[in-house]
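Chemist: just coords:
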């Protein structure tokens, strides 16, 4: 295995409200709050067998997906995984990042954006 979905990121108007709703629905807890985003997941926390959900503040725009996937390498470092994903058909995507981020924004062959994180998680 080379990558695993580690996070699903949902753009929304009210991250706190949606996080509370999905915590109730899924039996999750708030794991982190950062820059207006709220991350929820199972009681055991990050890196478990199921992805966490991140509710990110933003006004959904027409033609823009409200959901994107974050993947984390499991058996190699981020640079090696980036190279593998680019060879597989991913391409860099510009969504206004500064270049200081610890992740890479990519697009799949049909243009769907996703992020490659540097955090390593158990396979």
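Modeler: Perfect, thanks for sending it. Predicted model, so just to flag it, every value in this text is computed and none were measured.
Chemist: the helices in this protein, which residues?
Modeler: Counting by DSSP state H, the chain has helices at residues 15-26, 78-88.
Chemist: which parts of the shortest one are buried?
Modeler: Same thing as helix 78-88. By neighbour count, with 16 or more other Cβ atoms under 10 Å as the criterion, the buried positions of helix 78-88 are 78, 81-82, 85. In short, each C-beta sits where N, CA and C put it, glycine included.
Chemist: make a markdown table out of those residues and add distance to residue 5.
Modeler: Shown next, in a markdown table, are the buried residues of helix 78-88 (distance: Cβ to Cβ, whole Å):
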| residue | distance to residue 5 |
| --- | --- |
| 78 | 16 |
| 81 | 13 |
| 82 | 17 |
| 85 | 14 |
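Chemist: just those now: which is nearest residue 15?
Modeler: For residue 15, the closest of the buried residues of helix 78-88 turns out to be residue 78, at 26.4 Å, with distances computed as Cβ to Cβ.
Chemist: tell me who's in contact with the closest one.
Modeler: Contacts for residue 78 were tallied using Cβ atoms under 8 Å, 6 or more residues apart in numbering; they are 104, 116-118.
Chemist: quick one: pLDDT of it?
Modeler: Listed pLDDT for residue 78 reads 93.
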